[in-house]
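A.B. asks: Following is a predicted model, sequence given first.
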Amino acid sequence: MKLARGIVSEQRVGGGCINDGWRVELADGGRAFVKTRQEVAAGEYETEAAALRWLAEPGGVRLPEVIEVQPGLLAIEWIDEGSLSPDGAEELGRGLAQMHAAGADAFGSLPPGAPVSDLRIGPIALPVEPYDDWPSFYAERLLMPLARQAGIGVIESVCERIDDLAGPAEPPARLHGDLWGGNVLAGADGRAWLIDPAAYGGHREVDLAMLRLFGSPSARVFAAYDEAAPLADGHEERVGLWQLFPLLVHTVLFGGGYGAQAESTARRYAG
C-alpha cells in the first residue's frame, strides 16, 4: 500500500467482519489504522470518510481523523485502546446528545460529500432518499427492504402501524447509524471514540436503542444523555421498535437466532 505521508512499517491487525486491517507507522512519526478490501463497493470508503467528518463536526464526540482515502483503502488516525472511565461514559452521553442535536437536512439524508445514494452497513446497501417524516422513512426505506430479504412477514404489520408507534415528531438527528457497543472504542485516556459509522439523518432514539442491543455500555451514558437532552415520553416502549432495524440487518447477514429475535420483537408491535 502507499500513502501520501509515506509508510515506515505496517502490521496486520483486526479489520472487522469484511475488511483487512493494518497498523501503519507513517514517515512523519504518526500512526494510522488502514482498512482495505479487494472488492470494495464504489464510493464506500469515501462515504465513510464523509461520515467521520460529519459526525465530528459538532465537537460532541471524538472520531478518528481521516488521513487519506483512496478507492479500496481508508486510512484514519490510530487509537490506543483502554477502558471507558466513569467520566468518559458521562462525556459520551453528553456528546451523543450534542452530535444528534447538530441535525441533518432530512430523514434519510447522507453526509455531505458522500458520493453514493445508498445507506451501507457492511455489505448491505439500502437505497435512501430524503423524507420529511421519520415514520415513513423508517418503514419504507429501512424495515421493509430488509424484512423482504429476511422473509419476516410480521414486519409489514408493524409498518402499517408505524405512525402510531413512532412517538412524538422530532427533527432529523445526526446519527452514527451503526452504534453498537463494538463501535464505541475507549481510548487509553478512558474517553470514548466512535468508529465505523453508517451515518444518516434519522431519529435520535435509534442510536440509543442500538447501543443497548449488543452489550450495553454503562448506565451513566444514558443518564448523561437524558440530562443533556431529555427523551420524549414513551421512549422506553419504543426501544424494541428501533432495534428491529439492526436485528434485521443481522438476520440478513448472519441468520441464526437473529431472525427469531427480530420476529419476536416485531410481534410486540404488530397489534
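C.D. replies: That came through fine. All values reported here derive from a predicted model rather than from experimental measurement.
A.B. asks: Gly108 contacts Glu140, doesn't it?
C.D. replies: No: with contact defined as C-beta atoms under 8 Å, Gly108 does not reach Glu140; the gap is 9.5 Å. For glycine as for every other residue, the C-beta is placed from the backbone atoms N, C-alpha and C.
A.B. asks: Looking at these two now, which is surrounded by more residues?
C.D. replies: The neighbour count for Gly108 versus Glu140, taken as other C-beta atoms under 10 Å, is higher for Gly108 (26 against 16).
A.B. asks: Chain neighbours aside, what residue packs nearest to that one?
C.D. replies: Among residues not flanking Gly108 along the chain, Val128 sits closest, at 4.4 Å (C-beta to C-beta, 6 or more residues apart in numbering).
A.B. asks: State the number of residues packed around the one you found.
C.D. replies: Neighbour tally, Val128, other C-beta under 10 Å: 22.
A.B. asks: same check, this time on Arg141
C.D. replies: 19.
A.B. asks: Show the contacting residues for it.
C.D. replies: Going by C-beta atoms under 8 Å, 6 or more residues apart in numbering, Arg141 touches 108, 119, 126-129, 131.
A.B. asks: tell me the SS of it?
C.D. replies: Here Arg141 is recorded as helix under DSSP: H, G, I helix; E, B strand; the rest coil.
A.B. asks: Look at it and report its pLDDT.
C.D. replies: pLDDT recorded at Arg141 is 98.
A.B. asks: ok so, going back, can you give me every residue that contacts the residue nearest to Gly108?
C.D. replies: Neighbours of Val128 in contact, by C-beta under 8 Å, 6+ apart: 108, 110, 117-119, 137, 141, 200.
A.B. asks: Return the subset of these lying in helices.
C.D. replies: The helices, defined by DSSP state H, take in Phe137 from these.
A.B. asks: which of the contacts of Val128 are buried?
C.D. replies: 108, 110, 118-119, 137, 141, 200 (16 or more other C-beta atoms under 10 Å).
A.B. asks: circling back to that earlier point, adding distance to Val206, write the contacts of Arg141 out as JSON lines.
C.D. replies: Shown next, in JSON lines, are the contacts of Arg141 (distance: C-beta to C-beta, whole Å):
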{"residue": "Gly108", "distance to Val206": "12"}
{"residue": "Leu119", "distance to Val206": "12"}
{"residue": "Leu126", "distance to Val206": "14"}
{"residue": "Pro127", "distance to Val206": "19"}
{"residue": "Val128", "distance to Val206": "14"}
{"residue": "Glu129", "distance to Val206": "18"}
{"residue": "Tyr131", "distance to Val206": "14"}
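A.B. asks: Using a markdown table, please lay out these together with distance to Pro145, pLDDT and secondary structure.
C.D. replies: Formatted as a markdown table, the contacts of Arg141 follow (distance: C-beta to C-beta, whole Å; pLDDT from 0 to 100; DSSP: H, G, I helix; E, B strand; the rest coil):
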| residue | distance to Pro145 | pLDDT | secondary structure |
| --- | --- | --- | --- |
| Gly108 | 13 | 98 | coil |
| Leu119 | 10 | 96 | strand |
| Leu126 | 6 | 96 | strand |
| Pro127 | 8 | 95 | strand |
| Val128 | 10 | 96 | coil |
| Glu129 | 13 | 95 | coil |
| Tyr131 | 14 | 98 | strand |
